[in-house]
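S.K.: Return atomic coordinates for the entry below.
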Amino acid sequence: MTGYDAEFLGFTVPLPVSPVEVRVLDYTHFSVLLDPSRRLAAATACVVDGAALLALRRSGRWRLERRVPTGEQSGSELYSGNPLDRGHLVRRLDPVWGDAETAARANHDTFTYTNAAPQVNRFNQSKELWNGLEDHVLEYAAAYDHRLVVHTGPVFAADDPLYRGVRIPRLFWKVVAWVGPGAASDGGVARASDDRVADGGASVNGPGVLQATAFVLDQTPQLEDARLQEITAQALARDDIPPLGPFRTYQVPVPDVAALTRLDLGPLPGADVLAVPPPTPSGSRPTDITIHRLPRARAWSEIRTSDQIALPLLPG
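M.R.: The predicted structure follows:
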């Protein structure tokens with residue numbers, strides 16, 4: 001298994017670096033940073049070649065990872081007899097590219113429990129939006145380059161409710177990076193290497209610059225803290241899942257994700273296409289989310305449709 005390719009974009013975009021010990025597990029076109037104490041992935045990193053994607057049918061059964069002890073991962077016991085989804089962290093479609101054999105292996109690899117996280121299973125528009133973010137950015141990047149790097153994971157908090165031996169994250173994050181138009185300015189993000197262009201992997205329009213944007217998904221019920229704690233305690237006492245709300249999706253500054261997760265995201269915060277948080281749509285107000293470690297997150301504006309995603313304009 002080749003795993004995540006840090007040079008895939010022609011820039012060095014390394015795996016996220018965790019402040020705690022993790023197990024790095026390589027799969028086809030992606031890698032997982034498993035946090036054995038949380039029994040979930042702290043982060044995943046995937047490379048996506050949009051020009052070589054194959055439309056394979058969803059096929060696969062969830063299974064444990066044989067390379068790590070059972071007690072370091074969350075398997076079927078977490079998801080049985082309740083409405084929790086096994087949410088793919090690396091989306092099934094993203095690593096499914098290349099020749100037929102490689103794509104099929106990648107499809108199979110995404111159904112490993114180390115790539116799963118418990119998420120609310122109610123389908124709604126926001127969930128559809130979250131699942132399609134890579135498509136939206138890929139369509140944008142296709143005008144300049146077809147390649148993406150996608151880092152995804154949960155936000156681990158000390159007060160995440162403990163359910164069946166696993167603390168359930170209520171927030172998830174995603175950072176998408178690509179090669180975009182422009183030239184690096186002094187102190188800016190370096191341009192892709194000329195060797196990468198010669199190999200045919202970078203943009204046909206020139207080496208360009210590294211660009212990135214970030215999103216946060218929130219499944220925290222919109223309740224006051226005291227009420228949320230009360231309902232959570234009551235649910236756990238009945239061996240019910242802790243209360244989860246409908247997905248709310250935000251486009252956020254990449255540095256906010258680094259602050260929330262304490263992960264070192266390498267060059268991605270410096271490649272952020274958002275110089276400031278996106279403006280709140282006219283006539284609406286930001287939706288509060290429960291993030292005590294980052295108070296200014298309460299100024300994030302929720303995105304409800306893909307056309308609200310802020311990306312720089314491509315040259316005509």
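
S.K.: L244 contacts R170, doesn't it?
M.R.: Yes. Contact criterion C-beta atoms under 8 Å: L244 and R170 qualify, at 7.0 Å. Glycine gets a C-beta too; all of them are placed from N, C-alpha and C.

S.K.: Quick check: neighbours shared by those two?
M.R.: Common contact partners of L244 and R170 (C-beta atoms under 8 Å, 6 or more residues apart in numbering): Q219, T220.

S.K.: more neighbours, the two?
M.R.: R170 (26 against 20; other C-beta atoms under 10 Å).

S.K.: so that one makes contact with V216?
M.R.: No. Using C-beta under 8 Å as the test, R170 is too far from V216 to be in contact (10.7 Å).

S.K.: okay, and the common contacts of those two?
M.R.: Common neighbours of R170 and V216, using C-beta under 8 Å, 6+ apart, are V155.

S.K.: hey, where'd the strands end up in the stretch 1-150 of the chain?
M.R.: All strands of the stretch 1-150 of the chain, identified by DSSP state E, counting those that start in this stretch, fall at 23-27, 30-35, 40-49, 84-88, 116-120, 147-155.

S.K.: If you average the pLDDT over the longest one, what comes out?
M.R.: In this case it means strand 40-49. Strand 40-49 comes out with an average pLDDT of 97.

S.K.: partners of it in the sheet?
M.R.: Partner strands for strand 40-49, per DSSP bridges, with pairing direction: strand 30-35 (antiparallel), strand 147-155 (antiparallel).

S.K.: ok, and for stretch 78-93, which residues are buried?
M.R.: Within stretch 78-93, the residues that qualify as buried by neighbour count (16 or more other C-beta atoms under 10 Å) are L78, Y79, L84, R86, G87, H88, L89, V90, R91, R92, L93.

S.K.: quick one on the thing from earlier: nearest to W97, out of the strands of the stretch 1-150 of the chain?
M.R.: strand 40-49 (4.7 Å; C-beta to C-beta).

S.K.: Point out where the stretch 1-150 of the chain drops to low pLDDT.
M.R.: Where the stretch 1-150 of the chain drops to pLDDT under 70, the residues are 1.

S.K.: Helices along that one, start to end?
M.R.: For the stretch 1-150 of the chain, the helices defined by DSSP state H, counting those that start in this stretch occupy 76-79, 100-109, 125-131, 133-141.

S.K.: ok so, going back, distance to S301 added to the strands of the stretch 1-150 of the chain, as TSV?
M.R.: Formatted as TSV, those follow (distance: least, C-beta to C-beta, whole Å):
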stretch	distance to S301
strand 23-27	35
strand 30-35	29
strand 40-49	25
strand 84-88	24
strand 116-120	22
strand 147-155	19
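
S.K.: number of nearby residues for L64?
M.R.: 16.

S.K.: Check the contact between L54 and R105; I expect there is one.
M.R.: No. Counting by C-beta under 8 Å, L54 sits too far from R105 to count as a contact (11.5 Å).

S.K.: For G208, report the pLDDT, please.
M.R.: The model's pLDDT for G208 equals 86.

S.K.: I'd say it and A177 touch.
M.R.: No. Using C-beta under 8 Å, G208 makes no contact with A177, being 11.9 Å away.

S.K.: higher neighbour count, these two?
M.R.: More crowded of G208 and A177, by other C-beta under 10 Å: A177, with 29 against 24.

S.K.: Which secondary structure state does the residue nearest to L129 when sequence neighbours are not counted sit in?
M.R.: Sequence neighbours aside, T249 is the residue nearest to L129 in space, at 5.3 Å (criterion: C-beta to C-beta, 6 or more residues apart in numbering). When classified by DSSP: H, G, I helix; E, B strand; the rest coil, T249 comes out as strand.
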